[in-house]
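Asker: next comes the sequence, and after it the predicted model I'd like to discuss.
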There are 2 protein chains.
Amino acid sequence: MNKELLKGTTDIMILNLLKKEPMYGYGMIKEFAILSKGTFKFKEGTLYPILHNLEKKGLIESLWKQNPGERKRKYYQITKKGISTLEERSTEWEIFQQAINDVLSYE
Amino acid sequence: MNKELLKGTTDIMILNLLKKEPMYGYGMIKEFAILSKGTFKFKEGTLYPILHNLEKKGLIESLWKQNPGERKRKYYQITKKGISTLEERSTEWEIFQQAINDVLSYE
DNA sequence: TAAAATACCTAGCATAACAAAGCATTGTTA
DNA sequence: TAACAATGCTTTGTTATGCTAGGTATTTTA
């Protein structure tokens, strides 16, 4: 899979996951693999820096949490700003996708 | 429009245009704008280097041509290698698109 | 108890689209 | 006819981003 394709979409995917419930990095990697039916196998070196960046931008927030019987994990949750950004970017993705398919259906 | 989204798709779009008939760079820029209904407005500084790169890889070939009554233009045509690459990459795009939408439809 | 899986981190790299410039020619318009 | 817009091609440097490749520590499994 051409990795360039991913650029510009990882943010939306992460924000969309967190829209439902807080999650931690390692868990997201597993979840993306499942949801995408194995297409997306993010490396940790890919995901963690993105999470840090999203937090720096104020789109997500983190907190260390230890549920009983579990090990300590850093949970991320989406912020209000994150939700509105997700909406904008999702619309953008729809438009983009349509445009590409318009061009590719040229015969 | 987030420019990162484009990464990994410009090659396919160009190859797909050239699949039908040879074209020159400036003409492609106009054509992309039309086909995408204004979403893609490539700058020359974007398109020309990509064309050079595709030629270097042997996916397209160029020739200077002057049709009667027209100015000199550098026409590009797709190669056999270009056609097979286009097919591979189109499939890749389909899979990618499906995977993203699978992730984004998670609720 | 050794290995694998979980869970987090970071420095440096490669790639690709873009901004911003330049040059030459052709068409339009005041 | 002179000025300007549009056409047509080129290149240098910037920036963003996912990945490579390394690291640490804990927990589970064979």
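Answerer: Nice, I can see it.

Asker: return the distance of stretch A:18-27 from the chain's centre.
Answerer: 9 Å (Cα atoms, centre = their mean, to the nearest Å).

Asker: any idea how far the residue lying closest to A:Tyr75 once chain neighbours are set aside is from B:Tyr106?
Answerer: Nearest residue to A:Tyr75, sequence neighbours excluded (Cβ to Cβ, 6 or more residues apart in numbering or on different chains): A:Pro22, at 4.5 Å. Bear in mind the C-beta positions are built from the backbone N, C-alpha and C, glycine included. Distance, A:Pro22 to B:Tyr106, using Cβ to Cβ, to the nearest Å: 15 Å.

Asker: which stretches of chain A form strands?
Answerer: A:23-24, A:60-65, A:73-78 (DSSP state E).

Asker: output those as a markdown table; include the columns mean pLDDT, mean neighbour count and distance to B:Leu35.
Answerer: As requested, the strands of chain A are arranged in a markdown table below (pLDDT from 0 to 100; neighbours: other Cβ atoms under 10 Å in any protein chain shown; distance: least, Cβ to Cβ, whole Å):
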| stretch | mean pLDDT | mean neighbour count | distance to B:Leu35 |
| --- | --- | --- | --- |
| strand A:23-24 | 97 | 18 | 39 |
| strand A:60-65 | 96 | 14 | 36 |
| strand A:73-78 | 97 | 18 | 36 |
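
Asker: nearest to A:Arg89, of those strands?
Answerer: Closest to A:Arg89 of these is strand A:73-78 (Cβ to Cβ; 12.5 Å).

Asker: name the residues that touch the closest one?
Answerer: By Cβ atoms under 8 Å, 6 or more residues apart in numbering or on different chains, the surrounding residues in contact with strand A:73-78 are A:15, A:18-19, A:22-27, A:51, A:54-55, A:59-66, A:86.

Asker: verify the contact between A:Ile100 and B:Met13 for me.
Answerer: Yes - using Cβ atoms under 8 Å, A:Ile100 is in contact with B:Met13, at 7.1 Å.

Asker: near DNA strand C, which residues of chain A are found?
Answerer: A:4, A:24-27, A:44-45, A:48-49, A:51-52, A:70-71, A:73-74 (Cβ under 7 Å from any atom of the strand).

Asker: which one of those residues is nearest A:Lys81?
Answerer: A:Leu51 (15.4 Å).

Asker: isn't that closest one right next to A:Asp11, touching?
Answerer: No - counting by Cβ under 8 Å, A:Leu51 stays clear of A:Asp11, with 10.2 Å between them.

Asker: need the helices for chain A, in chain order.
Answerer: Under the criterion DSSP state H, helices of chain A are mapped to A:10-20, A:25-35, A:44-56, A:80-104.

Asker: want to try a markdown table for those, with mean pLDDT, mean neighbour count and distance to DNA strand D as columns?
Answerer: Formatted as a markdown table, those follow (pLDDT from 0 to 100; neighbours: other Cβ atoms under 10 Å in any protein chain shown; distance: least, Cβ to the nearest atom of the strand, whole Å):
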| stretch | mean pLDDT | mean neighbour count | distance to DNA strand D |
| --- | --- | --- | --- |
| helix A:10-20 | 97 | 21 | 4 |
| helix A:25-35 | 96 | 16 | 10 |
| helix A:44-56 | 96 | 14 | 2 |
| helix A:80-104 | 96 | 16 | 10 |
